[in-house]
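Asker: I would like to see how this sequence folds:
(chains A and B)
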Amino acid sequence: MAAEVIYTASDLDRKRREVTDAARRGVARIRDTDGMGLVLLPARHYEVLDAVSRWHDRLDVAERALAKSTVDRVPRDFGDLTWLRHLDDEDLATCITELRDAVSVAYHDDDLTELDQLVRDWRVTADELADPARRESLLGSFNANDFAEAERPGDTG
Amino acid sequence: MTASAYQPYEPARRPGGRPAAKPGYRVLVHRKFADLWTALPERVGLTAAQQFYDHVANTPGHPAAINRTGILRGKAGEPMASGFSRTIHYEITGAGRIDYQFNDAYRGIRGDPHPVVFIRAINLSSH
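Answerer: Sure, this is the predicted structure:
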């Protein structure tokens, strides 16, 4: 295993190509003139780390909200995910579990695509359930008599 | 010169006649949203409304060619009954959202299996 290289601040000038190549391969460690350690990462990897960190916090907040009784729960219990309040406890638990799995996949695959899509789908679902009529229709049992023929818009007769 | 019955450059007829056209889906809307369905052309524009209808009437299980589609999560996304798809969420950009399920071989009161799309909810509120 190769020894880890720690570059100096002046290497950013003298060995610019070597430092950036190391960063592109994963991480370049740099020691600043006052001894502070710095790292240089691919932006995409930083974005994954940032998102994974934020989602861990958010899901902890959501789990604490879920642990409260529904009568005591207020929107701010969900932090910046206030849309979660439209989910019932069963869906909220499912949502948290699925998002935790997706966060893990994002971290290990270094890719936010699946997590972003899942968040979007849950957000859309919560928005649809926010309205009582839509909620009743989407969560109610199927009855064929509830449905009527839908003509193609603009077609007459 | 007498015309021969043999015409080498004429395509042969397909055995059994013309292929049956792929049956389109019958489209039904939940009665609770019938008024919103009627208002759809006015609210989202006739072209967008027709694009939605043509999508679900022909390829409800495919991603929309023009607008965005996704799947609802949790209980709202579960099939209403055996043979139904999950709930698909169709977004008409900035104007409306429609949730539907489809069944390729629905046996209703007709008895014979036929493809049907069930529009479960319409949302015309702005984002």
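
Asker: what separates B:Phe84 from A:Arg152, distance-wise?
Answerer: 22 Å (C-beta to C-beta, to the nearest Å). To be clear about C-beta, it is placed using only N, CA and C from the backbone, and glycine gets the same treatment.

Asker: now the strands: where do they sit in chain B?
Answerer: B:26-30, B:68-71, B:88-92, B:96-106, B:114-123 (DSSP state E).

Asker: for B:Phe84 and A:Arg152, indicate the residue with more neighbours.
Answerer: The neighbour comparison of B:Phe84 against A:Arg152 (other C-beta atoms under 10 Å in any protein chain shown) goes to B:Phe84, with 17 against 13.

Asker: what does the model give the more buried one for pLDDT?
Answerer: Per-residue confidence (pLDDT) for B:Phe84: 97.

Asker: alpha carbons of the least confident helix or strand in chain B by mean pLDDT, as CSV, please.
Answerer: Least confident helix or strand of chain B, by mean pLDDT, DSSP states H and E, is strand B:68-71 with a mean of 92. The C-alpha coordinates for strand B:68-71 follow below in CSV (Å, rounded to 0.1, in the frame of the first residue of the first chain):
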residue,chain,number,x,y,z
ARG,B,68,-42.8,13.9,-16.6
THR,B,69,-44.1,10.7,-15.0
GLY,B,70,-43.3,9.0,-11.7
ILE,B,71,-44.6,6.5,-9.2
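
Asker: which neighbouring elements make contact with it?
Answerer: helix A:113-129, strand B:88-92 (3 or more C-beta pairs under 8 Å, 6 or more residues apart in numbering or on different chains; DSSP states H and E).

Asker: quick check, the longest one touching chain B?
Answerer: Yes - figure legend: helix A:113-129 in contact with chain B (C-beta under 8 Å from any C-beta of the partner chain); contacting residues A:Gln117, A:Leu118, A:Arg120, A:Asp121, A:Trp122, A:Val124, A:Thr125, A:Asp127, A:Glu128, A:Leu129.

Asker: for chain A, what's the longest helix?
Answerer: Within chain A, and with DSSP state H defining each element, the longest helix by residue count is helix A:43-67.

Asker: report the buried residues of that helix.
Answerer: The neighbour-count check on helix A:43-67 (16 or more other C-beta atoms under 10 Å in any protein chain shown) flags A:Val48, A:Ala51, A:Val52, A:Trp55, A:Arg58, A:Leu59, A:Val61, A:Ala62, A:Ala65, A:Leu66 as buried.
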